[in-house]
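**Student:** What follows is a predicted protein model with its sequence.
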Amino acid sequence: MKVTSRNFKEKSHDAMQDPDLRAALGRVKEGFTTARSVAASELPEFEDLRDKARDIKDDVLENLDYYLEYFDEKVTASGGHVHWCSSAKEAKEAVLKICQDVDAKTVTKGKSMITEEIALNQFLAANGIEPIETDLGEYIIQLADEPPSHIIGPAVHKTKEQVTELFYEHHQQYGYTEREEDPEKLVGEARAVLRHKYVTADVGITGANFLVAETGSTVIVTNEGNGDLTQSLPKTHIVVASLEKVIPTLEDVSTVMRVLARSATGQEMSVYTTFSTGPKRSDDIDGPENFHVILLDGGRSEMIGTELEELLRCIRCGACMNHCPVYHAVGGHSYGWVYPGPIGAAINPQMVGLEEARHLPNASSFCGRCEEVCPVRIPIPKILRHWREQAFEKQIAPKPERWGIELWGFFAKRPVLYRFATRCASRILTLVAGKKGRLKSLPFGKGWTSVRDLPAPQGDTFMGQWQKKQKQEGQI
Amino acid sequence: MSAREKILGRIRAQKKRGALDGETQDILAARIAKHERNVIPKRGQIPLTEQMDLLQSKMEKLLSTVERVTDASEIPSAVQAYLASQNLPSRIKMSPSESLTELPWGDIPTLEIVTGAGAEEDMVGMSPAFAAVAETGTLMMASGPKTPSTVNFLPENHIVVLQASDITGSYEQAWDRLRSATEKTGMPRTVNFISGPSRTADIEQRLIMGAHGPKSLHVILVGDGT
């Protein structure tokens, strides 16, 4: 998809003025966070399961080459095909070739972040194959021609009224000529329109939440059942997955399953968790005849053995964005690429380049909630700090910012001078503020004072108060 | 060089090593073969009769309906009563599994039984569960020649027959049962864990039932667990 991370500041500004988006983000903040906290509290083993999930993923990353070859062998043994692809381009071409080999005209799709990442829909459409998204949220944003704004709720930014208009515009061809406003009926309309598409599609494409090395199975997790219809009705099933999705055994998958839905939506289990192994067996009466797994690297192998390796533990639950005060304020589209929120801020600089995504690591208050709720304990704030350092060292941050940091660094390395300077600055600000105790404007501080007053410091500096306290305690 | 070799080469270079040595490979192969369990929640590790209650309460919370019968011969009349109570048509698309087809359907001549895979026009589908997991109120369905997985998804309403003796406490215990049942044939093409009827919250986070899969899920639990 087109990268617009460079415009983070402008897009955030617009997002904060959008009343519909404000209402939608309010729902994310309330709904998902409460549900997660209830689900976590109802399972006494939850924290142990998170530790174990982290350890499983660490073991995978330590021995990734082994598990991938094991997985490949098992898929092949069950009659499927694995296509190893280094880049998005290779992956798209592999999918296209499979589609062309079966003379495909239409393709149904289950929800998949990885196909968003490689912009598969645009590529298929440009090659004369119609991709049809079947997850309701993905379907809505496909009609609106927009990227997803949330990992698990792609259309979380859309209002009911907007969906009404989209369906009114696009469903007239199917005989729906009235504006439908009842959400239940809107869902029914999408269900009816898509039902026939499942049955007539030539190829079904899904992503994978997990790839199981032990059995060569691919696993999808959904609530709607769209992924299952996508992968069981067409003659060909293609799974597109990135290589870090591999998990050693069914027991390990069971462990990670227990933290996935709870962290994502607060459900104990999503409604459908489906394991697909090879094509249909010779005596089966349904299921696809062909089974292909596109195994995509897409820049991930380069992260192994670096500060970024822990990001590859991510199971794409969305908990970090559900709990992020910055995401709550600016929404998903501001981040300018497929992955929004804290995980996007941490991973996008690697995937689209730090220069393009340099604002994202700064889009954090370092409150640490993302790390607190991450089911596989990814230290996102640490990784954001890594990117900030990189932006400084590689001179990607603009000059005034770097000079500011250098100036601060100069003082910070000289504690006596630092304390003296902060004490002086504090007193000067208090003096200038006068009786009101507030400053209306400040040189170099317009970003703050153009929209609100700056309260003047009151009393001594922190270090001053600390020393005083230490002295008093010493006297006692 | 193939993409496969390139990718494996990059992983190994990043790890500053070559392919894993034989000894490490043996350890990993043994790890996979052992099927070692990790953390199992205690809540499901209870006697069968309690598991039945836990399963039922979890299923009902997920908006499934559960009906208990003591003997399989009661299933046809239970199905008829359920369909009538829900105003559903009396035509059923049924998995061609003997566990269902050999039930005394002749007792209820008003029911039309059609066996086979799921189809677009089916209003009611009926299939047997392979197992169930009390921990979260989850059904485990395994595909096969007589248990097509489309019956679980295409019909608007889904009826599942579950034997009490097939209830387990955890997913891990269900996997063990599947492994021993499919020792010769291997992993089925499709294994579905199903926890309630289909739903979506993609429009303003309102919960709406019946997004693409069945709008209702009715579980007939057979036996009393003794």
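**Tutor:** Perfect, I can see it now.
**Student:** and residue B:140, backbone torsions?
**Tutor:** phi -120, psi 120 (degrees, to the nearest 10).
**Student:** what's the residue most central in space within chain B in contact with, if anything?
**Tutor:** Closest to where the C-alpha atoms of chain B average out (C-alpha atoms, centre = their mean) is residue B:140, at 2.3 Å. Residue B:140 makes contact with B:129, B:130, B:131, B:132, B:133, B:174, B:178, B:191, B:192, B:193, B:194 under the criterion C-beta atoms under 8 Å, 6 or more residues apart in numbering or on different chains. Heads up, the C-betas are built off the backbone N, CA and C, glycines and all.
**Student:** cool, residue A:52 as well?
**Tutor:** A:255, B:38, B:39.
**Student:** Would you reformat those residues as TSV and include distance to residue B:160, pLDDT and neighbour count?
**Tutor:** Shown next, in TSV, are those (distance: C-beta to C-beta, whole Å; pLDDT from 0 to 100; neighbours: other C-beta atoms under 10 Å in any protein chain shown):
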residue	distance to residue B:160	pLDDT	neighbour count
A:255	26	98	25
B:38	28	96	20
B:39	28	97	17
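**Student:** quick one: secondary structure of the residue of chain B found nearest chain A?
**Tutor:** Ranked by C-beta to the nearest C-beta, the top residue of chain B for proximity to chain A is residue B:213, at 2.4 Å. Counting by DSSP: H, G, I helix; E, B strand; the rest coil, the backbone at residue B:213 sits in coil.
**Student:** Residue A:270 is in contact with that one, correct?
**Tutor:** No. Residue B:213 is not in contact with residue A:270 according to C-beta atoms under 8 Å; the separation is 11.8 Å.
**Student:** The two: who's more crowded?
**Tutor:** More neighbours surround residue B:213 than the other of residue B:213 and residue A:270, with 30 against 22 (other C-beta atoms under 10 Å in any protein chain shown).
**Student:** List the contacts of the helix or strand hosting residue A:432.
**Tutor:** Secondary structure assignment for residue A:432, by DSSP states H and E: helix A:415-433. Helix A:415-433 is contacted by residues A:411, A:412, A:437, A:439, A:454, A:456, A:457, A:458, A:460, A:461, A:463, A:464 when judged by C-beta under 8 Å, 6+ apart.
**Student:** residues contacting the fifth one?
**Tutor:** In other words, residue A:454. Residue A:454 neighbours (C-beta under 8 Å, 6+ apart): A:429, A:438, A:439, A:442, A:445, A:448.
**Student:** hmm, back to that, mind listing what's buried along the helix holding residue A:432?
**Tutor:** Using 16 or more other C-beta atoms under 10 Å in any protein chain shown as the burial criterion, the residues of helix A:415-433 that qualify are A:418, A:419, A:422, A:426, A:429, A:433.
**Student:** Help me confirm that residue B:158 is found in a helix?
**Tutor:** No. Going by three-state DSSP, the assignment for residue B:158 is strand, not a helix.
**Student:** Excluding chain neighbours, what is closest to it?
**Tutor:** Nearest non-adjacent residue to residue B:158, counting by C-beta to C-beta, 6 or more residues apart in numbering or on different chains: residue B:214, 3.9 Å away.
**Student:** remind me, longest helix of chain A?
**Tutor:** Ranked by number of residues, the top helix in chain A under DSSP state H is helix A:19-41.
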